[in-house]
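Quick one, fold the following:
(chains A and B)
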There are 2 protein chains.
Amino acid sequence: MTAISPLAPERFPDMPVINGIRLASHACGVRYAGRTDLLMVEMDKGTTAAGVFTRSLTASAPVEWCRSAVAKGSARALVVNSGNANAFTGSVGEASVRRTVEATSALVDCKDSEVYIASTGTIGVRLPDEKITAALGDVRAKLQPGNWQEAAQAIMTTDTYPKGATRIAVIDGTPVIINGIAKGAGMIAPDMATMLSYVFTDAALPAAVLQDLLSKGVDKSFNAITVDSDTSTSDTLMLFATGKAGNKVIKDAKDKRLADFKAKLFDLLLDLALQVVRDGEGATKFVTIHVSGAAGKKAARTIGMSIANSPLVKTAIAGEDANWGRVVAAVGKAGEKANRDKLSIRMGGVLVADKGEMAHGYDEAPVAAHFKGKDIVIEVDVGVGKGRSTVYTCDLTHAYIDINGSYRT
Amino acid sequence: MTAISPLAPERFPDMPVINGIRLASHACGVRYAGRTDLLMVEMDKGTTAAGVFTRSLTASAPVEWCRSAVAKGSARALVVNSGNANAFTGSVGEASVRRTVEATSALVDCKDSEVYIASTGTIGVRLPDEKITAALGDVRAKLQPGNWQEAAQAIMTTDTYPKGATRIAVIDGTPVIINGIAKGAGMIAPDMATMLSYVFTDAALPAAVLQDLLSKGVDKSFNAITVDSDTSTSDTLMLFATGKAGNKVIKDAKDKRLADFKAKLFDLLLDLALQVVRDGEGATKFVTIHVSGAAGKKAARTIGMSIANSPLVKTAIAGEDANWGRVVAAVGKAGEKANRDKLSIRMGGVLVADKGEMAHGYDEAPVAAHFKGKDIVIEVDVGVGKGRSTVYTCDLTHAYIDINGSYRT
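Residues are numbered from 1 along each chain as shown, chains lettered A, B, ... in the order given. Next up, the predicted model:
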């Protein structure tokens, strides 16, 4: 049941403290017994904030709150519970968010709009927010600068391991730290809704710059992954900057002095996103799909996602079957321009199909060997233009069916 | 391996002969041993034709041939093989089609453009068309008016039962017969590509009228079904009319004298389409999804397909779990307008969710009982407009993974 994914990293990274950030977790019994299910993060005055949220049109009440609060760009507290998503709970759910926000702002002595809330877990069940608000004092008393792994653990649902990543960047000569945690599993785990990720830095950066960087960074990381094509009602990615590193404030995201910060942030986001895929429900293979030769970048992404979300491609990979015909079919159904007679496919670096047919003298042996490994690489050139994109996914196995089909029976 | 789907109809229907249509099947050893794999249909002079084909941009050579030939609207012969899809075979595949067309037209003494070809089976492998052309004389010698079940059997790949349907309609006082056969198990079966369906009638109708009716009829039948969201490179649906029934020719598809024919044709197309779903790979439940309250008909279809293609919804149904939260999430990710706070969901006729939250006094017992059955009905009203659509699918089970993941290993 809780066996760690075979694709998990060896261990949780050593993460440094970030000046201005203190974290604590707590067991308040929202739904789980015998584990922490509440994360509180308190941030020093002056912390700026940015966020990107699910595109789902049935977004949860906490998401709607955060989307509106982050417009003001300031943060003092983050409160996340696992076990209950407070999604599809109507006006009752909105009231739960309001009560939690107000209790937190009173405790921390900040504005309501500086408090961010997230809930991950069962959909459609009233959140017992009284358990959370009753625990706020206790959890706040435990706040410490270094609780990263505990924080990552508290927000897990069906995740089999906590997800964290850290980078050090230099802004105009000043070193700054970036730490991030995430949870995922399926895009929606059994009855659970949410991919959550929180990134913290001591860099001094205005909210608008954070927002710009985060919106760009998500494109090649969290928006480039798929476990099962299902989008959650609660997906949330936020970035907080305390400004304690003392770098000169840079007001334009395009400023070259931000190049290293941007690169390290993007790298950290990709690291976290791939950890989410590597914990995909039932995953036994990690799959990278490079698409080139598309009409544009967006077309390449669409084709990549069509391949990554194809149940036939995913089951073939689970069966260690280098079934390139299914890749062709997935390209064809994507609805983007592709030239059937120029299409080429490489698997594990081996040219499998070329100019619309099986590659001359194709030898399946090295490809079959590649498919026995844990990291599968598929390259597709659709022969139309210069658009490129890379997406990441995992295979579709019996365990996915077990986890998602037998949850309540 | 070849156990008949638990959702199969009790038996193949009794199908009458159609004046002007003769059929025969043959074992020519394209790939399978010990079964028929070639279907030939010969049609009398004057037979009109219409077709709709896969939207895949990597369509197979036979599909490209038929799409171009049907523009002339006339038919004398149909040749279908199973075991090899002649898809993604480049110029070699086009030559195979040309040779088969030319051999058939010489034998039947008709124009090349009156010959239709289809191939279903392995992708990317050269079609041994010499086996087909060598067998054409033998199969033609066996042509008979009544071989419907044999015809349906010859075109099967991983189908667990042959699919046929028949209706009688009246055009302006004259009875006409409509017979159809189909194959398709997954949208693409293991290494197989194709959903094929052929419908024949003795009605006298111009090709343009047939095309109009077929294009409309496909919308609520074959375009309303999904097994696994994967579109094949070879999907083909054709309609042939011999004109032997002797009805007065009607030149406008909107003519009211065609109302009964249209209704019966649409009903037959739906019958065949649902038989395809009921033979979905690994299917144990047949699922009907009614969407209402959408911004328009197209939006309703998109939302319905989003639910029907959600692996989380499909695995929940396989697990007999009335997991409405996943339905909410699938509505949210569809990208079409939905009002979270007006959304309502019924399962097996029971109101489960209402106005954006769990229905007041919801009792799961009757819904759980409904989910133990073989026919699952989900109704979703998204609370925005008047758009309606119904789509059909099946559940996602371990057997799907077995069939598609272990095919070549």
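
After the helix or strand bottoming out on mean pLDDT in chain A, which helix or strand is next? Please name it.
For chain A, scoring each helix and strand by mean pLDDT, DSSP states H and E identifies strand A:192-193 as the least confident one, at a mean of 52. Following strand A:192-193 in sequence order, the next helix or strand is strand A:196-201 (DSSP states H and E).

Grab the nearest non-local neighbour of residue A:386.
residue A:293 (7.3 Å; Cβ to Cβ, 6 or more residues apart in numbering or on different chains). Every C-beta, even on glycine, is put in place using the N, C-alpha and C of the backbone.

same check, this time on residue A:253
In space, residue A:253 is closest to residue A:212, 3.7 Å off (Cβ to Cβ, 6+ apart).

what do you get for residue A:117?
Among residues not flanking residue A:117 along the chain, residue A:62 sits closest, at 4.6 Å (Cβ to Cβ, 6+ apart).

Check which helices and strands the one helix or strand the one you found maps to sits against.
Residue A:62 belongs to helix A:61-69 when assigned by DSSP H and E. Using 3 or more Cβ pairs under 8 Å, 6 or more residues apart in numbering or on different chains; DSSP states H and E, the elements in contact with helix A:61-69 are strand A:48-53, helix A:90-108, strand A:115-122, strand A:236-241.

Recalculate using a threshold of 6 Å.
Using 3 or more Cβ pairs under 6 Å, 6 or more residues apart in numbering or on different chains; DSSP states H and E, the elements in contact with helix A:61-69 are strand A:48-53, helix A:90-108, strand A:115-122.

what pairs with the last one, and is each one parallel or antiparallel?
In this case it means strand A:115-122. strand A:77-84 (parallel), strand A:192-193 (antiparallel) (DSSP bridges).

Enumerate the beta-bridge partners assigned to residue A:196.
In this structure, residue A:196 bridges to residue A:183, residue A:236 when assessed by DSSP bridges.

beta partners for residue A:286?
Here residue A:286, judged by DSSP bridges, has bridge partners residue A:375, residue A:394.

per-residue confidence for it?
At residue A:286, the model reports a pLDDT of 94.

Quick check, it in contact with residue A:7.
Yes. Taking Cβ atoms under 6 Å as the definition, residue A:286 is a contact partner of residue A:7 at 5.1 Å.

any common contacting residues for the two?
With contacts taken as Cβ atoms under 6 Å, 6 or more residues apart in numbering or on different chains, residue A:286 and residue A:7 have residue A:278 as neighbours in common.

Skipping adjacent residues, who's closest to residue A:378 in space?
residue A:289 is the one closest to residue A:378 (Cβ to Cβ, 6+ apart), at 4.9 Å.

How about the contacts made by the closest residue in space to residue A:20 that isn't next to it in sequence?
Leaving aside its sequence neighbours, residue A:20 sits nearest to residue A:242 (Cβ to Cβ, 6+ apart; 3.0 Å). Shown in contact with residue A:242 (Cβ under 6 Å, 6+ apart): A:20, A:44, A:47, A:202.

What of residue A:381?
Applying Cβ under 6 Å, 6+ apart, the residues contacting residue A:381 are A:292-293, A:344.

One more: residue A:318?
Here residue A:318 is in contact with A:395-397, B:405 (Cβ under 6 Å, 6+ apart).

Next one: it from residue A:3, what distance?
17 Å (Cβ to Cβ, to the nearest Å).

Please give the number of neighbouring residues around residue A:94.
Look at residue A:94: counted by other Cβ atoms under 10 Å in any protein chain shown, it has 17 neighbours.

I'd say it and residue A:62 touch.
No. The pair residue A:94 / residue A:62 is not scored as a contact, 9.5 Å apart, by Cβ under 6 Å.

can you list the residues of chain A near chain B?
A:56-58, A:88-90, A:123-124, A:188, A:228, A:230-231, A:233, A:310-312, A:315, A:318-321, A:325, A:328-329, A:331-333, A:338, A:340, A:356-358, A:398, A:401, A:404-406, A:408-409 (Cβ under 6 Å from any Cβ of the partner chain).
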